[in-house]
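Engineer: With the input below, show me the fold.
(one chain, ligands or ions: 1)
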Amino acid sequence: SPASQQPTATSDAVKDSAFLKACRREPVPHTPVWFMRQAGRSLPEYRKVREGIPMLESCMRPELITEITLQPVRRHGVDAAIYFSDIVVPLKAIGVDLDIRPGVGPVVERPVRTRADLAQLRDLAPEDVPYVTEAIGLLTRELGATPLIGFAGAPFTLASYLVEGGPSRTYENAKAMMYGDPELWADLLDRLAGITAAFLKVQIEAGASAVQLFDSWAGALSPADYRRSVLPASAKVFQAVASYGVPRIHFGVGTGELLGLMGEAGADVVGVDWRVPLDDAARRVGPGKALQGNLDPAVLFAPREAVEARTREVLDAAAGLEGHVFNLGHGVMPSTDPDVLTRLVEYVHTQTAR
Ligand code: CP3
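Structural biologist: Sure, this is the predicted structure:
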């Protein structure tokens, strides 16, 4: 509603970009493309600037954040940049003792298992993340008409790391709390929703022109459990940033059975992994939402003809959608040949030029 819309730093040129138009389900000059994890280990220039700097430290240096965020934009000509950070940065910023171990992922020193543990999680204030505001200020100047996507981890995916103490395939401790102490679980997710919302607000107020909420591991849940135990917290995050009017993207892996609910949580754009064709996903999500996806990232290891044939299939499945943002079905794998990504951007642009 324009009357209650809060001013954001998004310029008119950015508002007119193919990416933001597709998110708003408006006609586009070509299908916009960006890749989850487009900044990162697939790029030699990333490995070079990261040399000797631990992951979390690199997320707190504005010049380095700016350089790494810009690298895939320069190299691939993608239609959007994604702010370089990690989903655990806001938790680190409020004092949670955690680290990101190479080849492992986030590891939490003292897992959150009790109400006393929960009391240690305080709200996030903008002063906790000054480097975010500074980096986005630098970035929006450098990016010109290219939109910047801000992001955060969704309450469930953050809780999975906090309760398990690290990556998990089964989420047994998180689910034990969810089923065994639903009140503690709800309070934990609600607290995380507040932290996540605050982190997204900092990014939007600094100049991010869209946001993506990563609920990467929500696919581990049944629809009933998602609706009861996760959706309310994710909805709180989306609601908290609704008045800015920037597109809100929601993504998880293996979420074919949850796509409708993830839209219901408050997303404007629903991200789809490679397991569900986009036309089928559109029926599951229902009208009024754009879709993002969904080439299998492993396809990029096949010969060029196969990459193009599979990309063509994604574009054909997307042909009837109200809005489509091309992406992979999950993040770029570190061993991906970056030239394949560059060619893919070009292929989607030429195939969809109107
Ligand atoms: O370009 C971009 O997409 C922005 C950068 C980005 C990172 N993490 C940088 C990163 C984004 C969007 C994330 C989000 C993130 N982090 C998610 C959600 C997205 C998804 O993949 O589902 C999750 C689950 C995490 C947690 C996390 N952090 C994992 C699983 C890992 C990988 C561990 C490993 O080494 O394999 C990380 C570390 C991480 N985050 C790296 C990068 C570039 C690798 C560390 C490095 O480069 O040294």
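
Engineer: show me what contacts the single nearest residue of the stretch 151-300 of the chain relative to the ligand?
Structural biologist: Closest to the ligand within the stretch 151-300 of the chain is Ser216: 3.1 Å, counting by CB to the nearest ligand atom. Every C-beta, even on glycine, is put in place using the N, C-alpha and C of the backbone. Applying CB atoms under 8 Å, 6 or more residues apart in numbering to Ser216 gives the contacts Ile87, Gly153, Thr157, Phe251, Gly252, Val253.

Engineer: Would you reformat the residues you listed as a markdown table and include pLDDT?
Structural biologist: Formatted as a markdown table, these follow (pLDDT from 0 to 100):
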| residue | pLDDT |
| --- | --- |
| Ile87 | 98 |
| Gly153 | 98 |
| Thr157 | 98 |
| Phe251 | 98 |
| Gly252 | 98 |
| Val253 | 98 |
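
Engineer: how about CSV for those residues, with secondary structure added?
Structural biologist: Formatted as CSV, the contacts of Ser216 follow (DSSP: H, G, I helix; E, B strand; the rest coil):
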residue, secondary structure
Ile87, coil
Gly153, strand
Thr157, helix
Phe251, strand
Gly252, coil
Val253, coil
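
Engineer: Show me the subset of the residues you listed that also lies near the ligand.
Structural biologist: Among the contacts of Ser216, the ones lying near the ligand by CB under 6 Å from any ligand atom are Ile87.

Engineer: what separates the lengthiest helix in the chain from the chain centre, distance-wise?
Structural biologist: Longest helix of the chain, by residue count under DSSP state H: helix 182-206. Relative to its chain's centre, helix 182-206 lies at 15 Å (CA atoms, centre = their mean, to the nearest Å).

Engineer: buried ones in that helix?
Structural biologist: Applying a neighbour-count criterion of 16 or more other CB atoms under 10 Å, the buried positions in helix 182-206 are 184-186, 188-189, 191-206.

Engineer: most surrounded residue in the contacts of Ser216?
Structural biologist: Gly252 (28 neighbours; other CB atoms under 10 Å).

Engineer: OK, contacts around it?
Structural biologist: Contacts for Gly252 (CB under 8 Å, 6+ apart) come out as Ala154, Thr157, Phe214, Asp215, Ser216, Trp217, Ala218, Gly219, Leu258, Met262, Gly271, Asp273.

Engineer: rerun that using 6 Å as the cut-off
Structural biologist: Asp215, Ser216, Ala218, Gly219 (CB atoms under 6 Å, 6 or more residues apart in numbering).

Engineer: Tell me the spacing between it and Tyr179.
Structural biologist: Distance of Gly252 to Tyr179, computed by CB to CB, to the nearest Å: 20 Å.

Engineer: how about the residues of the stretch 151-300 of the chain near the ligand?
Structural biologist: So the stretch 151-300 of the chain meets the ligand at Phe151, Phe214, Ser216 (CB under 6 Å from any ligand atom).

Engineer: How about residues contacting the helix or strand hosting Ala22?
Structural biologist: Element membership for Ala22, per DSSP states H and E: helix 18-23. Residues outside helix 18-23 that contact it (CB under 6 Å, 6+ apart): Val28, Pro29, His30, Pro32, Asp79, Ala80, Pro147, Pro247, Val269, Ala290, Gly323, Val325.

Engineer: Fine by me, thanks again.
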